[in-house]
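**Student:** need a 3D model of the sequence below.
(one chain, ligands or ions: 1)
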Amino acid sequence: MIRPQTNAHRQAIDLSGVWRIRFGDGDWSSGIGSDDHTYDIAVPGSWNEQLAECGFMNHVGPAWLETRFFVPHGERRLLRFGSADYFADVWVNGRPAGSSGAPMLPFELDITELAPPGEFATLVARVTNELPVEGPTQRVTRDDYLAEGRPRDEYLPAVRFDFFPYGGLNRPIHLVTTAVSALLRYRIETRIDGRVAVRVEANGGTGIRLTVGEAVAEGPLVEGSAELQVRLNDVRLWSPQSPALYPLAIELIEGDRPVDLVEQKIGIREIRVEGAKLLLNGEPIELKGFGKHEDSPIRGRGLDLPLLVKDFGLLRWIGANSVRTSHYPYAEEFYDFADRHGILVIDEVFSINLDFRRVTDVTLEAHKQAICELIERDRNRTCVIAWSLANEPGYLAEPEYKERSGAYWNALFDHARSLDPSRPLTHANVGYVGTDDPAFEHADIVTINRYHGWYSEPGQLDRAASALTRDLDALARQGKPVFVAEFGADALAGQHATCDQLFTEEYQADLIETYWNIIHEHPACIGGHVWNFADFRTAQHGRRVVYNLKGVFTRNRDPKRAAWALRELWR
Ligand code: GCB
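**Tutor:** Next comes the predicted model:
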């Protein structure tokens, strides 16, 4: 799948705007009507906060979204969704156009036959934010909480994770036109000696011209694919200090004229694990940064470009060099910023808190599919330095996790490695599972999330520090790099105390500083990510005051005391 773009050969029309929405289980595939049950909805944007006053804040289930668009001329006409949260079926002019794939990832539908050029067409998408029971992130219902004997764990909306299950079309949707002869996909490999190899697949055409910076190569297409290589002279390597990017262009040639073109920017860099070190361009690198969320007031998970500008400015201000896309693939625009700003990304698949009592073969297949689609989307990204295959599986400390997950991880890590042997693989381990997590055996980087000093040892930083050191020492015996992907404390901005007190800005800053000093000094530790960059909305639960307050910035991006402390530590 090619990222939507406009040039002499292809056109991408952004369908963002105010659409109409209707909630419910009926069938509105040929049009949602215009009665009292339909509402305005801005796309991209989640329905929850936008339509809270109409009663849809906590809506989990289907909603029907509709827009009308003008269909320009173009031999092939495609609809390209950045994502649908979490699943969508689409109709164009009342006829089925297709469905989404793995949640939080793009999908493309060929609507050439459904939408004649030179006319308006109607698009209806049935979007649901309900998860399947056997998915890599599993559905939970109110009744499940009770059946599991966990009444105090009830969340509204019911979820197995600690962020809000926003629904809707949260990323841009484009109408893309191309010629019938068109580029279909490509795979870039770079080497730090300046070699850039590209494998291209196309429909039609006779040859490919590859241009990277000043270097050009041409080659024939054989059975729809071609492999080309160029070499850059005096290559400037990409790194957080100097995120040099080169323009890369792939042209599809038919006879002697170009019929398609795709462009992107790439950096030349190498990422490698050696012993307990993570090496970027052959030098050890310490990861300093955050787990984030796609979350902002009113838009929910909807793409918010001003927020991206702000967040990347704040990452620089605080001295961070990396982010994990906790707990799902982010919008492609996020990776554009990361490539340009030199932010290293641990790209996480949407798999959270897998409960191994409910894992089946269907779960494994869906998990593999999600990894496949994630790697397909992001493999050409310079900023992506590792794949995270799951967050906190076995989080209920269910005995089934240790008994059964070995074969699951074996299959999953093998699958990911076969798709991309060039990047290290990891997963984020939960404290309840401990340091003998069966997934560690397969991971290239041993990653842990730890809340000593918060959920355990509350308010006791000395005990928290000893517990963290014990964990790191135990993990270091594996001889692999150890990474702390989450640590942190909630702080209500403006809450203060003179002694160690949960929820105060002082305690959050002190806990983060205590952890950072241990992480920084530990020989096996390649760095840490504070949980979280900013306060974020989560489902209603007795442990949360509307938001998860572990942000070092508020949801509006004002700094808490911990932000200043980190700036001091990291810059
Ligand atoms: C975790 C989860 C994260 C939560 C965080 C917390 O371990 O990975 O999703 O938000 O803890 O604040 O409890």
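
**Student:** distance of the residue lying closest to Arg22 once chain neighbours are set aside from Ala476?
**Tutor:** If the residues on either side of it in the chain are set aside, Arg22 comes closest to Ile32, at 4.2 Å by CB to CB, 6 or more residues apart in numbering. Every residue, glycine included, has its C-beta placed from N, CA and C. The gap separating Ile32 from Ala476 is 57 Å, by CB to CB, to the nearest Å.

**Student:** so between the two, which is more surrounded?
**Tutor:** Counted by other CB atoms under 10 Å, Ile32 and Ala476 do not tie: Ile32 has more neighbours, with 24 against 18.

**Student:** any idea how far the ligand is from that one?
**Tutor:** 34 Å (CB to the nearest ligand atom, to the nearest Å).

**Student:** these two touch, right, that residue and Thr38?
**Tutor:** Yes - between Ile32 and Thr38 there is a contact under CB atoms under 8 Å: 5.5 Å.

**Student:** which parts of the stretch 151-300 of the chain sit against the ligand?
**Tutor:** Neighbours of the ligand within the stretch 151-300 of the chain, by CB under 6 Å from any ligand atom: Phe161, Asp162.

**Student:** tell me the residue of the stretch 151-300 of the chain that sits nearest the ligand?
**Tutor:** Closest to the ligand within the stretch 151-300 of the chain is Asp162: 3.6 Å, counting by CB to the nearest ligand atom.

**Student:** show the contacting residues for that residue.
**Tutor:** By CB atoms under 8 Å, 6 or more residues apart in numbering, the residues touching Asp162 are Thr538, Ala539, Arg544, Asn548.

**Student:** 7 Å instead?
**Tutor:** Thr538, Asn548 (CB atoms under 7 Å, 6 or more residues apart in numbering).

**Student:** state the pLDDT value of it.
**Tutor:** pLDDT, Asp162: 96.

**Student:** center of the protein, which residue is that?
**Tutor:** Pro329 (1.7 Å; CA atoms, centre = their mean).

**Student:** checking it next. Helix, strand or coil?
**Tutor:** Of the three states, Pro329 takes coil according to DSSP: H, G, I helix; E, B strand; the rest coil.

**Student:** Ile188 now?
**Tutor:** Secondary structure, three-state DSSP: Ile188 is strand.

**Student:** contact residues of this structure facing the ligand?
**Tutor:** Residues of the chain lying near the ligand (CB under 6 Å from any ligand atom): Phe161, Asp162, His327, Asn391, Glu392, Asn449, Glu486, Trp531, Asn548, Lys550.

**Student:** what's the helix or strand for the last one?
**Tutor:** If I follow you right, that is Lys550. Under the criterion DSSP states H and E, no helix or strand holds Lys550.

**Student:** send the alpha carbons of stretch 488-501 over as CSV?
**Tutor:** C-alpha atoms of stretch 488-501 as CSV (Å, rounded to 0.1, in the frame of the first residue of the first chain):
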residue,chain,number,x,y,z
GLY,A,488,6.1,7.0,36.7
ALA,A,489,3.6,8.4,39.2
ASP,A,490,0.3,10.2,38.9
ALA,A,491,0.5,13.9,39.8
LEU,A,492,-2.4,16.3,39.9
ALA,A,493,-1.0,19.6,38.6
GLY,A,494,-0.9,22.0,41.4
GLN,A,495,-0.9,19.4,44.2
HIS,A,496,2.1,19.8,46.5
ALA,A,497,3.6,18.4,49.7
THR,A,498,6.8,18.7,51.7
CYS,A,499,7.0,14.9,52.3
ASP,A,500,6.7,11.9,50.0
GLN,A,501,3.0,12.0,49.1
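
**Student:** roughly how far apart are the nearest residue to Leu287 once chain neighbours are set aside and the ligand?
**Tutor:** Counting by CB to CB, 6+ apart, Gly527 is the residue found nearest to Leu287 once chain neighbours are left out, at 3.2 Å. Gly527 sits 17 Å away from the ligand when distances are taken as CB to the nearest ligand atom.

**Student:** report the contact partners of Gly527.
**Tutor:** Counting by CB under 7 Å, 6+ apart, Gly527 touches Glu286, Leu287, Lys288, Phe483, Ile519.

**Student:** kindly state the pLDDT recorded for it?
**Tutor:** 98.

**Student:** confirm that it sits in a strand.
**Tutor:** Yes - counting by three-state DSSP, one finds Gly527 located in a strand.

**Student:** could you number the chain from 462 rather than 1 from now on?
**Tutor:** All set: I'll call the first residue 462, so the last point we hit is now Gly988.

**Student:** quick one: buried residues of the worst-scoring helix or strand of the chain on mean pLDDT?
**Tutor:** Ranking every helix and strand in the chain by mean pLDDT, DSSP states H and E puts helix 603-608 at the bottom, with a mean of 84. Within helix 603-608, the residues that qualify as buried by neighbour count (16 or more other CB atoms under 10 Å) are Asp605, Tyr606.

**Student:** pull the distance from that helix to the chain's centre.
**Tutor:** Between the centre of helix 603-608 and the centre of its host chain there is 29 Å, according to CA atoms, centre = their mean, to the nearest Å.

**Student:** residues in contact with the helix or strand just after it?
**Tutor:** Next helix or strand after helix 603-608 toward the C-terminus (DSSP H and E): strand 629-630. The contact list for strand 629-630 (CB under 7 Å, 6+ apart) reads Ile502, Val504, Pro505, Gly506, Ser507, Trp508, Leu526, Ala545, Asp546, Ala586, Val588.
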